[in-house]
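Novice: okay, sequence plus prediction incoming.
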Amino acid sequence: MPAVSKGDGMRGLAVFISDIRNCKSKEAEIKRINKELANIRSKFKGDKALDGYSKKKYVCKLLFIFLLGHDIDFGHMEAVNLLSSNRYTEKQIGYLFISVLVNSNSELIRLINNGIKNDLASRNPTFMGLALHCIANVGSREMAEAFAGEIPKILVAGDTMDSVKQSAALCLLRLYRTSPDLVPMGDWTSRVVHLLNDQHLGVVTAATSLITTLAQKNPEEFKTSVSLAVSRLSRIVTSASTDLQDYTYYFVPAPWLSVKLLRLLQCYPPPEDAAVRGRLTECLETILNKAQEPPKSKKVQHSNAKNAVLFEAISLIIHHDSEPNLLVRACNQLGQFLQHRETNLRYLALESMCTLASSEFSHEAVKTHIETVINALKTERDVSVRQRAVDLLYAMCDRSNAQQIVAEMLNYLETADYSIREEIVLKVAILAEKYAVDYTWYVDTILNLIRIAGDYVSEEVWYRVIQIVINRDDVQGYAAKTVFEALQAPACHENLVKVGGYILGEFGNLIAGDPRSSPLIQFNLLHSKFHLCSVPTRALLLSTYIKFVNLFPEIKTTIQDVLRSDSQLKNADVELQQRAVEYLRLSTIASTDILATVLEEMPPFPERESSILAKLKKKKGPGTVTDLEDIKKERSSDVNGSTEPTTVNASTVSTPSPSADLLGLGAAPLTSSAPPPSSTGSLLVDVFSDSASVVAPLAPGSEDNFARFVCKNNGVLFENQLLQIGLKSEFRQNLGRMFIFYGNKTSTQFLNFTPTLICSDELQASLNLQTKPVDPTVDGGAQVQQVVNIECISDFMEAPILNIQFRYGGTFQNISVKLPITLNKFFQPTEMASQDFFQRWKQLSNPQQEMQNIFKAKHPMDTEITKAKIIGFGSALLEEVDPNPANFVGAGIIHTKSTQIGCLLRLEPNLQAQMYRLTLRTSKEAVSQRLCELLSEQF
């Protein structure tokens, strides 16, 4: 509520608020509110005209009622009438009501705009400030259309007061962000730049924010701002804290303005004018010098403000990348922060050094801190800081330290957080390939990678090993020998079996002369893993067996017996059955020459960009890895050349998945260097596909909507101006049924309406979904329903994608959303006594069975809501089990077709720190991890 004077205290409002606070129940509160609403309504409809004070009081009451969460459907006109008042408090309440309650599509918007225009034209600074605040708060397109041409004039007018200039600059910034096409560039742009020289630092601060945003889109228009920004920055940096007393924050002169000016300068290259450039260099050197001075205050606010300016200055130094002395000094300064006790400083130092490592001037300086970074990787408690340490090691890696860094990353990988393991795997694979002088080291590294973190080794990684081994004759024999030895371990990860099957199928003959790795021993070793593998891996092994028929005719009979067995010829999976039949027939009727031709060794692959690097770029986002790699490529021209295979179309392609275009990612067409595929061709037929996906990326907000359905089964999953998708679902044990409702929100028919459920190959093996097609035509305003029957076969990590394609008014629409079928939906709650719970808790004490996450609360920490979410998650909420009554304890069983997985959970809230600690224990590591991820997002 706005501050009011004693004589204007609105006693009626104070009494009403007091009554509401004294209500003992929700019912009493609603009763009192309804009584007040009836009174206000009668006053507004009464014959007697209300004075301004009464209108203000009643509008204030309506605003308070709205803020309590109740709908207000009247009083808007009275609020608009308050705008015409000449009293500040009445006008203020009118604007406040409009900012909060009036929709941009309201019929009153024209009246509101007229009131705002009158106040802007009044030249009364107080009224102009209220009007500008209202425009910025509403910020609608209608407001932009009405006032985008007027506000720049107010901003640059010579007689406008400083407080109004500040408001005008920030109001224009708000309109430009919401409707940039409606803010016209004109004569005012050159005049607004000169506000950087204004005597009032508040005006300069607001103008700098505006100019920075405008300059990002129109750099030429605001080019002159560079010299003015440097001049103003120089005056601030060289001033004493007493010179800018009103704008000094804990002995740091104007820190916010300094940061904004440094950020504005990052929109442009280094100044061409030598004088301006020299002055800027002096400023940056002064900032770096001040960082070395002893602090003038022990308070954290002083160090925060000082470091904010320092880090922004370092960002500008990195952006310009032209002053070797400054870059090295910045690196040394950041190096001091690497061991600082403040976690945020360590994080920012590592992040900035990642960028510094890409500069040819500072790369060597960054490398001097390698031991500190490695130590941070081992001892740092914060996972985000450890992740930045991994990024920095990756950035500082070159030929001189590659083996050390890769070894440290592999050591860390064994204990790394699950959330960053996949990224570390990709980086290790890239570095091992990029800086491999000895390719035997590369093979050893990748096999070690698969051994340590097999679940996180994506298909791109093991594909890449195969490509390099095939392209380098000098490493083929060593690779065959190494994978043969690795496969002898009792427990091998499936990715190792894939690599082993492929390499032995191509080059097993190179080690067959050793009696310890004879053809029969190789075959028996691979076949001993066959029954433990998934269907795609079995398919690959069958292709290896037919390759063995060509390489080792002496074991042809043994292989034919395996292909002839009922488990192959009558396999339930059609792909395996077809391969077994065709391979058996091929080995029976084909001559030796035909076999040798059809099953010849794979030719070398043509040179293309590494798919692992492409995946890392995609994972990290544009502008991170991409830029770094390009710069490093220019700097080190002696980086190893690498080769990349062409893809070979498989005869049948399943639903689009991340592996649909693994090698080229659609970057180049097929070349003719590889032989055409055949049904009995090389192993690449089985694992590479070049089919382009027509599935749209996930719709904006899809992830947030998906998260909301983790603890509930019904609601609206997606909505835009055309389509609404609603869900209603029910689950019992390992079965479920979901009703999907598609609503046409327009008056025009949807044609060729085709919803499709898309699952990756891995998800298809774990989740059985059956749907019926819907009517391809959806009339305007109509709704159609689709039923999905769900069966959980085994635990799964991903969620299916729902892709909807249709034509609306001749335009093709393509929408994709994640369908909220998650592992916790197959929970069955289990009641337990305290003794049983902790006995079972101790039984699940193996580190692989526990997953723990400590995280900041994203929502208010309400006990009842937390209970409801845990119950909605699927587990039973066990009362009076935990010794600490503030903790929440749950138990349940995940039901799948193949197994049942017991699950215990414990949620410990810390109200003072606004944090939670969530611990999950199940008999399966992947299940613990997935459930922890899902539940952590709910609080």
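Specialist: Thanks, I have it. Computed from a predicted structure; not experimentally measured.
Novice: wasn't residue 913 part of a strand?
Specialist: No: counting by DSSP: H, G, I helix; E, B strand; the rest coil, residue 913 is not part of a strand but coil.
Novice: just want the phi and psi numbers for it.
Specialist: Backbone torsions of residue 913, given as degrees, to the nearest 10, read phi -90, psi -10.
Novice: same thing with the one 10 residues further on?
Specialist: Dihedral pair for residue 923: phi -80, psi 0, per degrees, to the nearest 10.
Novice: how much space separates it from residue 917?
Specialist: 22 Å (C-beta to C-beta, to the nearest Å). No exception for glycine: its C-beta is placed from N, CA and C like everyone else's.
Novice: and what of residue 735?
Specialist: 34 Å.
Novice: looking at residue 923 and residue 917, which one has more neighbours?
Specialist: residue 923 (17 against 14; other C-beta atoms under 10 Å).
Novice: lowest-confidence helix or strand of this protein?
Specialist: Lowest by mean pLDDT, DSSP states H and E among the helices and strands of the chain is helix 684-687, with a mean of 32.
Novice: shaky segments in this protein?
Specialist: Residues of the chain that meet the criterion pLDDT under 70 lie in 1-9, 47, 104-106, 240-243, 607-695.
Novice: residue 724 should be in a strand, yeah?
Specialist: Yes: checked against three-state DSSP, residue 724 lies within a strand.
Novice: helix, strand, or coil at residue 355?
Specialist: Residue 355 - assigned by three-state DSSP - is helix.
Novice: so it makes contact with residue 316?
Specialist: No: the pair residue 355 / residue 316 is not scored as a contact, 11.8 Å apart, by C-beta atoms under 8 Å.
Novice: bridged to residue 724, which residues?
Specialist: For residue 724, the beta-bridge partners are residue 719, residue 743 (DSSP bridges).
Novice: how many other residues sit next to residue 206?
Specialist: For residue 206, using other C-beta under 10 Å, the count is 26.
Novice: can I assume it is in contact with residue 170?
Specialist: Yes: Residue 206 is within contact range of residue 170, at 5.2 Å (criterion: C-beta under 8 Å).
Novice: for residue 403, which non-adjacent residue is spatially closest?
Specialist: residue 441 (7.1 Å; C-beta to C-beta, 6 or more residues apart in numbering).
Novice: same check on residue 302?
Specialist: In space, residue 302 is closest to residue 250, 3.9 Å off (C-beta to C-beta, 6+ apart).
Novice: stretch 405-414: how far from the chain's middle?
Specialist: For stretch 405-414, the separation from the chain centroid amounts to 25 Å (computed by C-alpha atoms, centre = their mean, to the nearest Å).
Novice: just the element for residue 73, please.
Specialist: Under DSSP states H and E, no helix or strand contains residue 73.
Novice: same deal with residue 918?
Specialist: strand 915-922.
Novice: and that strand, what does it pack against?
Specialist: On a contact count with 3 or more C-beta pairs under 8 Å, 6 or more residues apart in numbering; DSSP states H and E, strand 915-922 meets strand 850-856, strand 900-910, helix 925-936.
Novice: now with 10 Å?
Specialist: The contact analysis (3 or more C-beta pairs under 10 Å, 6 or more residues apart in numbering; DSSP states H and E) places strand 915-922 against helix 834-843, strand 850-856, strand 888-895, strand 900-910, helix 925-936.
Novice: pick the most buried one from the ones you listed.
Specialist: When you average the neighbours per residue for each of the helices and strands packed on strand 915-922 (mean count of other C-beta atoms under 10 Å), strand 888-895 leads with a mean of 23.
Novice: angle of it against strand 915-922?
Specialist: 30 degrees (axes from the mean of the first three to the mean of the last three C-alpha atoms, to 10 degrees).
Novice: sorry, back to before: and the angle from the strand holding residue 918 to strand 850-856?
Specialist: Going by the same axes, to 10 degrees, strand 915-922 makes 160 degrees with strand 850-856.
Novice: what's the angle between strand 915-922 and helix 834-843?
Specialist: Using the same axes, to 10 degrees: strand 915-922 against helix 834-843 is 80 degrees.
Novice: list the buried residues for strand 915-922?
Specialist: 916, 918-922 (16 or more other C-beta atoms under 10 Å).
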